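Visitor: show me how the following folds:
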Amino acid sequence: MTGMSRPNTKTFLKDVRDSNMAEKNICTTCGKLMSDETDNCDSNCEIVYEDGLVLPVSLEHFNEPDGRCHDCSIKHGRQHHPGCDVERCPRCGGQRITCGCENPEGRRLLEALILEQAKPHMEISSDSHIQL
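Guide: Below is the predicted model of the structure:
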């Protein structure tokens, strides 16, 4: 995804039902089930940032006890499905879906919205610093 912010995982899911009518999610990017049956998302290999920098996606995982990502079910050490809330940004190390590295303008808009929502709870101190 070049220069675009990534929506949450739900945008990349297609709900289907198996023969037992159990709901399953399919990654709309790679077309694979997001379950223990899938080890890797083949379509999420690198990130192209607005400034032209290209980095491989992060393969970092937290220590989930079952050896799979708690959000997208990928095996540890493999590529997450796009929009996974566990995936880290290889540029800044933050959460990829919220860091803003892929879409700086989107990040500025999000920060402005957060500031606007926080205004009723802010106080101006005597030395003119804003405090939450």
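
Visitor: read off the pLDDT value for Asp127.
Guide: Asp127 is assigned 56 on the pLDDT scale.

Visitor: next: Lys119.
Guide: Per-residue confidence (pLDDT) for Lys119: 77.

Visitor: do Leu55 as well
Guide: pLDDT, Leu55: 93.

Visitor: tell me the strands beside the helix or strand where it lies, with direction?
Guide: Counting by DSSP states H and E, the element that carries Leu55 is strand 54-56. Here strand 54-56 is paired, per DSSP bridges, with strand 46-48 (antiparallel).

Visitor: following the strand holding Leu55, which helix or strand comes up?
Guide: helix 104-118.

Visitor: from the chain's centroid, how far away is that following helix?
Guide: Helix 104-118 sits 17 Å away from the centroid of its parent chain (C-alpha atoms, centre = their mean, to the nearest Å).

Visitor: mind saving the C-alpha coords of it as PDB?
Guide: Extracted in PDB, the C-alpha atoms of helix 104-118 (Å, rounded to 0.1, in the frame of the first residue of the first chain):
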ATOM      1  CA  PRO A 104       1.700  11.500   7.600                       C
ATOM      2  CA  GLU A 105      -1.400  13.600   6.700                       C
ATOM      3  CA  GLY A 106      -3.700  11.000   8.200                       C
ATOM      4  CA  ARG A 107      -1.600  11.000  11.400                       C
ATOM      5  CA  ARG A 108      -1.800  14.800  11.600                       C
ATOM      6  CA  LEU A 109      -5.600  14.600  11.200                       C
ATOM      7  CA  LEU A 110      -5.900  12.000  13.900                       C
ATOM      8  CA  GLU A 111      -3.700  14.100  16.300                       C
ATOM      9  CA  ALA A 112      -5.900  17.200  15.600                       C
ATOM     10  CA  LEU A 113      -9.100  15.200  16.300                       C
ATOM     11  CA  ILE A 114      -7.600  13.900  19.500                       C
ATOM     12  CA  LEU A 115      -6.600  17.400  20.600                       C
ATOM     13  CA  GLU A 116     -10.100  18.700  19.700                       C
ATOM     14  CA  GLN A 117     -11.700  16.100  21.800                       C
ATOM     15  CA  ALA A 118      -9.400  16.700  24.700                       C
END
